[in-house]
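*Asks:* coordinates only, sequence not included:
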């Protein structure tokens, strides 16, 4: 009796797989069964490398004290895998405050602007010119903040934001 149920299960799975293949027939295989592994299911429905964008953090405001980057991220999202975030900021001088970019490890650190376990990914001079570039390579939340003045820019200057990149669909 057990072998009959196992056989029935194998047949049911085979029929299901055939049905999935036929449902994707128009976009992924011809009638001879030639499967296109670059565009067919499951490969083609979610692509991480298609039409990635270069996004200036803060837009024309760049990376500066007093601008609400959380609001900017909400209004300018969604962000996608392999998009490049560009942090532009002036190098320190007599008229500007220095800025940096930290990657915070978790939501708690982000909410509290706690830099103790954060990773500095851009120093105060790296935002000049074309800016510092960071590629969203993984499907995970990213928490960014300015770490200057022991987190003062993060806490009081609104220089923090979070993104969780989406997969691109075709």
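*Replies:* Arrived safely. Not measured: the values here are computed from a predicted model. Numbers count the residues shown, from 1 in each chain.
*Asks:* can you show me the strands along the chain?
*Replies:* Counting by DSSP state E, the chain has strands at residues 54-56, 84-87, 101-104, 119-122, 132-135, 142-145, 160-163.
*Asks:* nearest to residue 66, of these?
*Replies:* When those are compared by Cβ to Cβ, strand 160-163 sits nearest residue 66, at 12.6 Å. Bear in mind the C-beta positions are built from the backbone N, C-alpha and C, glycine included.
*Asks:* middle-most residue in the protein, spatially?
*Replies:* residue 165 (2.8 Å; Cα atoms, centre = their mean).
*Asks:* so what's that one up against?
*Replies:* By Cβ atoms under 8 Å, 6 or more residues apart in numbering, residue 165 lies in contact with 78, 79, 80, 81, 83, 136, 138, 139, 142.
*Asks:* pLDDT weak spots in this structure?
*Replies:* Low-confidence segments of the chain (pLDDT under 70): 1-50, 170.
*Asks:* helices of that one, residue ranges please.
*Replies:* 2-23, 25-28, 69-76, 107-112, 152-157 (DSSP state H).
*Asks:* for the third one, buried residues please.
*Replies:* When burial is assessed from 16 or more other Cβ atoms under 10 Å, helix 69-76 yields the following buried residues: 69, 72, 73, 76.
*Asks:* ok, and what's touching that helix?
*Replies:* Counting by Cβ under 8 Å, 6+ apart, 55, 57-59, 61, 63, 79, 144, 158-163 sit against helix 69-76.
*Asks:* can you add distance to residue 130 and neighbour count and give the residues you listed back as TSV?
*Replies:* Output for the contacts of helix 69-76, formatted as TSV (distance: Cβ to Cβ, whole Å; neighbours: other Cβ atoms under 10 Å):
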residue	distance to residue 130	neighbour count
55	13	19
57	13	26
58	15	21
59	16	11
61	17	14
63	13	25
79	19	18
144	18	25
158	24	18
159	20	31
160	23	23
161	21	22
162	24	17
163	21	22
